[in-house]
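In: this is a predicted model, with the sequence first.
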Number of protein chains: 2
Amino acid sequence: MTSAQHPHCPLCQARDETVLWHDTKTRVVLVDDANFPGFCRVIWNAHVAEMTDLPPADRDALMQRVFAVEAAQRRTLAPAKINLASLGNQVPHLHWHVIPRYRDDACFPDAVWAAPRRAGAARPVRVEALADAVRAALTAG
Amino acid sequence: MTSAQHPHCPLCQARDETVLWHDTKTRVVLVDDANFPGFCRVIWNAHVAEMTDLPPADRDALMQRVFAVEAAQRRTLAPAKINLASLGNQVPHLHWHVIPRYRDDACFPDAVWAAPRRAGAARPVRVEALADAVRAALTAG
């Protein structure tokens, strides 16, 4: 644990994550949520709460990764819409939700944090193909 | 209406907005929601659905404005947390929600799209001070 980590933060002590891509500053993980297939999180590794706590170059680096995940999801999963969000009210450690949305998912057109409207349609995700697309988008960007 | 606008989009035909700042590409508006005082939207003026539909320089310009609003809200409103989100499932025209959150607001620590937990605490917003802070943050950035 470095000084940039917090002893009680679940995003500092990551366990059992499906990591699609990482570098020293960030990691991209696949979220295991059957209602929202392909849902990824882009996590800033250091324990920082807000985007404006980061210097501008780090903000840009983090957003570049978020947009790479969006591009990879669009290319491999063809969703109806992408949802992006950095909330952190429960875990104030910077992480971006990057969520492919479909008209037949559990909550569409509401946010994924709203009450479900229906049982979401099952949709298999090819994890290797998504990881490859994330890597390709980051190399291109 | 330019070719970059859509005839049936409510964000292309804006009415009765409280605009805190604007330039040719974007506008920052104050959202009239008593449950979430200080809630702003940063709207891309052209009718575009996704961040990755924009060229990288425009993505950067839009995020710079989002982060300026975050900085202005932190400086003038001292929230417990800032929430950032670009969803657009209902109105697929790029707009960022920039939401100051407080421990006694209607939904904290849930997302603002979740079911309310309580009546949100009233909190007056000095609109001129917030607009000045947005302008100052954009000039500094």
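Out: All right, it came through fine.
In: residues touching the nearest residue to A:Asp53 once chain neighbours are set aside, list them.
Out: Excluding the flanking residues, the one nearest A:Asp53 by C-beta to C-beta, 6 or more residues apart in numbering or on different chains is A:Leu94, at 7.9 Å. C-beta: built from backbone N, CA, C; applies to glycine. By C-beta atoms under 8 Å, 6 or more residues apart in numbering or on different chains, the contact set of A:Leu94 is A:Ile43, A:Trp44, A:Val48, A:Ala49, A:Glu50, A:Met51, A:Asp53, A:Leu54, A:Leu62, A:Ser86, A:Gly88.
In: the same query, at a cut-off of 10 Å, please.
Out: A:11, A:26, A:42-51, A:53-54, A:58-59, A:62, A:86, A:88 (C-beta atoms under 10 Å, 6 or more residues apart in numbering or on different chains).
In: tell me how far A:Cys12 lies from B:Val134.
Out: 32 Å (C-beta to C-beta, to the nearest Å).
In: okay, those two: which has more neighbours?
Out: Legend: neighbour count by other C-beta atoms under 10 Å in any protein chain shown for A:Cys12 and B:Val134, higher for B:Val134 (26 against 18).
In: helix, strand, or coil at that one?
Out: Following DSSP: H, G, I helix; E, B strand; the rest coil, we place B:Val134 in the helix state.
In: what about it, distance to A:Ala85?
Out: 21 Å.
In: residues of the top helix by length along chain A that come out buried?
Out: In chain A, taking DSSP state H as the definition, the longest helix is helix A:56-77. By neighbour count with 16 or more other C-beta atoms under 10 Å in any protein chain shown, helix A:56-77 contains the buried residues A:58-60, A:62-77.
In: then stretch A:15-28?
Out: A:Glu17, A:Leu20, A:Trp21, A:Thr26, A:Arg27, A:Val28.
In: for A:Val98, what are phi and psi?
Out: phi -120, psi 110 (degrees, to the nearest 10).
In: on the pLDDT front, check it for me.
Out: Note for A:Val98: predicted pLDDT of 98.
In: that one contacts A:Arg41, doesn't it?
Out: Yes - between A:Val98 and A:Arg41 there is a contact under C-beta atoms under 10 Å: 7.1 Å.
In: overlap in contacts, those two.
Out: Joint contacts of A:Val98 and A:Arg41 (C-beta under 10 Å, 6+ apart) are A:Val28, A:Val31, A:Val66, A:Val69.
In: farthest-separated two in the residues you listed?
Out: Using C-beta to C-beta, the two most remote members of these are A:Val31 and A:Val66, lying 14.2 Å apart.
In: for A:His95, which residues make a bridge with it?
Out: Taking DSSP bridges as the rule, A:His95 bridges to A:Ile43.
In: still on that earlier bit, which ones among the buried residues of stretch A:15-28 map onto strands?
Out: A:Leu20, A:Trp21, A:Thr26, A:Arg27, A:Val28 (DSSP state E).
In: pLDDT wise, what is the nearest residue to the third one once chain neighbours are set aside at?
Out: The reference is to A:Thr26. Leaving aside its chain neighbours, A:Thr26 sits nearest to A:Arg65 (5.2 Å; criterion: C-beta to C-beta, 6+ apart). Each residue has a pLDDT score; the one for A:Arg65 is 98.
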